[in-house]
Structure formats: structure tokens, C-alpha cells
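Student: Quick one, fold the following:
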Amino acid sequence: METDFDFSGKVALITGAGRGIGKGIALRLAGHGADLVINDFKPETAEQTAHEVCTMGREAIAVGGDVSQSEQVDGIVDRAVKHFGHIDILVNNAGISLYRPILDCTEEDWDRHVDIMAKGTFLCMRRVAPLMIERQWGRIVNLGSYVAQMNCTTKYFGPYCAAKFAIIGLTQVAAQEWAPYVLVNAVGPGDVETEMMELEWQQEGTRRSIPAEDVKEEYRRRLILERLEKPDDIAKVVAFLCSPFADQITGAHVIVSGGLPYHH
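Tutor: Numbering: from 1, shown residues only. Coordinates of the predicted model:
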């Protein structure tokens, strides 16, 4: 059965893969034989992930760049195609998160969330999809969120929730437009132990005047499965959606949240 998760000969471009979930996805796909194009806003973290992929025996290049800028997206994709010749898998993972009430959000807060996540996903898909359509095969996985469902939004994450809902809408439209050769899906993580999530717990702890560790424990206890997720928990589902087992799945938003939202 594992042979169906053999991505040998496939090239995957992952945005925001210098750390956290993106890095986990890169390492998981490399473990299944894919070669990687590692993008991150910080070139040095992209280089670190690419180095880890290479130590696994796969080929990887690190390409710094801001996915919210179309000319930089063009540069990322051009570099990938020049090196590997094609892109088979695109994972739009780059993102930010800010714990702040709407009334305290600045216009810049809004723009950064929407530009990096919603616009970045749009720009990367628009640039890569034609290459996949031409080759008559492609898999695109966008990072949604458990908050991007009806009645599952979380207060103090206004711009974040808005951007994630935008990504789901874009995913569903792209799935229709690029069928049957390119499958477009989203994966919606819950609470994943990453540097970004640790910062959120610190911000919430500061707001509530309690230790960040107490906030983290509250988040863990609200999960049906009682365990905070690791990046690889998300990466496994991304790999599944790129495998032959998911050949009849497109336009979906697969929630991988350990049972969120759930209230005891």
C-alpha cells in the first residue's frame, strides 16, 4: 500500500516551508520520494529546510520570496521550473496569525493577513496551474483552517478568519475550473504546536494575565483526541491528498483538528 505514496519523479513547491507546518509537509513529501522547492519569506530558514531534505537523499532548492508580490511569485516559479523542469504539487502554506480584537486591528494588520494568505494563494495558483494543466496532472493543496467553517470562527482573529474563508472559496472555484487534471483541495489544521501557535498562546496569556502554558493546556483539553497536533499530522493528510488514494477528492476542505471545535 505504501507504494501508492511514492512521489518519485514529482516536484513539490511549498510556500512558507522554513518552519512549522510547511517544514513538516516538506519533510513528509521528501520521505515519500518527492523533490522539493522550499520557499520562505526568510531565505535562511528555507535553506535550513532544504538542507534537511537533501540529507534525506532528495533534491531540494531554497527560494526566498514574498508570495504576496506577483513579481516575486514569478521569480519563485521561474527558478523552480528552470531547475526541475516542472512542478507537480503546489502547497500554499505561507501564513501569519495575530491575536487582536477587530477594533484594535490596523489597516496594515488586515492587509498583511489577506495579502500573504488569500492573495498569496491566488498568485501562486494562477502562476502554477497553467503548467499543471499543460502536463495534464497536478495537485494543489491550500492551507485552510478549522476556523474557516460556519460557526467555528474564533474571536480576536478577524483578519485571519477572513483570509482563511477566502482561501476556501478560492479552492472550491479553482477545483471546478481546472478539472479534471488538477485536483485542488484545502487542509484545515486545528491547534498545531508550532512557533506561530506558541506566540498566539503568549499573546492570549498576556491579554488574560495568565501564563502561556495555562492557555496551551486549555487548548489541549478542549480537543476530543486530547493531544495537540504536530506539523506531521497535517503533512500526512497533504500527502494523502496528493496520492492516488485521493483521486476522487477535489474542492474539499479536510479538517484535521483533533476534534475541534468541541466543548465539554
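Student: Outline the domain layout of the protein.
Tutor: Annotated domains of the chain cover 2-191+229-256, 193-228 [automatic domain parsing].
Student: okay if I get these as TSV plus mean neighbour count and mean pLDDT?
Tutor: Yep, even glycine has a C-beta here, placed from its N, CA and C like the rest. Listed next are these as TSV, based on neighbours: other Cβ atoms under 10 Å; pLDDT from 0 to 100:
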stretch	mean neighbour count	mean pLDDT
domain 2-191+229-256	20	97
domain 193-228	15	94
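Student: the helices in this structure, which residues?
Tutor: 20-31, 43-55, 70-84, 107-113, 120-135, 158-177, 195-208, 212-221, 231-242 (DSSP state H).
Student: Can you tell me which of those is nearest to residue 256?
Tutor: Proximity to residue 256 (Cβ to Cβ) singles out helix 231-242 among the helices of the chain, at 5.0 Å.
Student: list the helices and strands that closest one packs on?
Tutor: Helix 231-242 is packed against helix 20-31, strand 138-143, strand 182-189, strand 253-256, with contacts defined by 3 or more Cβ pairs under 8 Å, 6 or more residues apart in numbering; DSSP states H and E.
Student: among these, which is nearest residue 156?
Tutor: Smallest distance to residue 156 across the helices and strands packed on helix 231-242 (Cβ to Cβ): 17.9 Å, for strand 182-189.
Student: Centre of the chain to that closest one, how far?
Tutor: Put simply, strand 182-189 sits 9 Å off its chain's centre (Cα atoms, centre = their mean, to the nearest Å).
Student: okay, the angle between it and helix 231-242?
Tutor: Strand 182-189 and helix 231-242 are oriented at 160 degrees to each other (axes from the mean of the first three to the mean of the last three Cα atoms, to 10 degrees).
Student: Direction included, what does strand 182-189 pair against?
Tutor: The pairing partners recorded for strand 182-189 under DSSP bridges are strand 138-143 (parallel), strand 253-256 (parallel).
Student: Distance to residue 87 for these - can I get that in CSV?
Tutor: Shown next, in CSV, are the strands paired with strand 182-189 (distance: least, Cβ to Cβ, whole Å):
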stretch, distance to residue 87
strand 138-143, 8
strand 253-256, 22
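Student: With respect to residue 6, which of those lies nearest?
Tutor: Per Cβ to Cβ, nearest to residue 6 of the strands paired with strand 182-189: strand 138-143, 14.1 Å.
Student: That closest one vs helix 20-31, what angle?
Tutor: If you take the same axes, to 10 degrees, strand 138-143 sits at 150 degrees to helix 20-31.
Student: what's the offset of strand 138-143 from the middle of its chain?
Tutor: Computed by Cα atoms, centre = their mean, the chain-centroid distance of strand 138-143 equals 9 Å.
Student: Just want the angle from it to helix 120-135.
Tutor: Counting by the same axes, to 10 degrees, strand 138-143 lies at 170 degrees to helix 120-135.
Student: Contacts for strand 138-143 next, please.
Tutor: For strand 138-143, the surrounding residues in contact (Cβ atoms under 8 Å, 6 or more residues apart in numbering) are 21, 87-93, 95, 117, 121, 125, 128-129, 131-132, 167, 170-171, 174, 178, 181-189, 238, 241-242.
Student: Give me the residues contacting stretch 223-231.
Tutor: With Cβ under 8 Å, 6+ apart as the criterion, stretch 223-231 contacts 20-21, 23-25, 189-194, 216, 219-220, 256-260, 262.
Student: next one: stretch 106-116
Tutor: If you take Cβ under 8 Å, 6+ apart as the criterion, stretch 106-116 is touched by 66-68, 94-96, 98, 100, 159-160, 162-163, 166.
Student: So which of these is the closest to residue 51?
Tutor: Set against residue 51, the nearest of those by Cβ to Cβ is residue 94 (19.7 Å).
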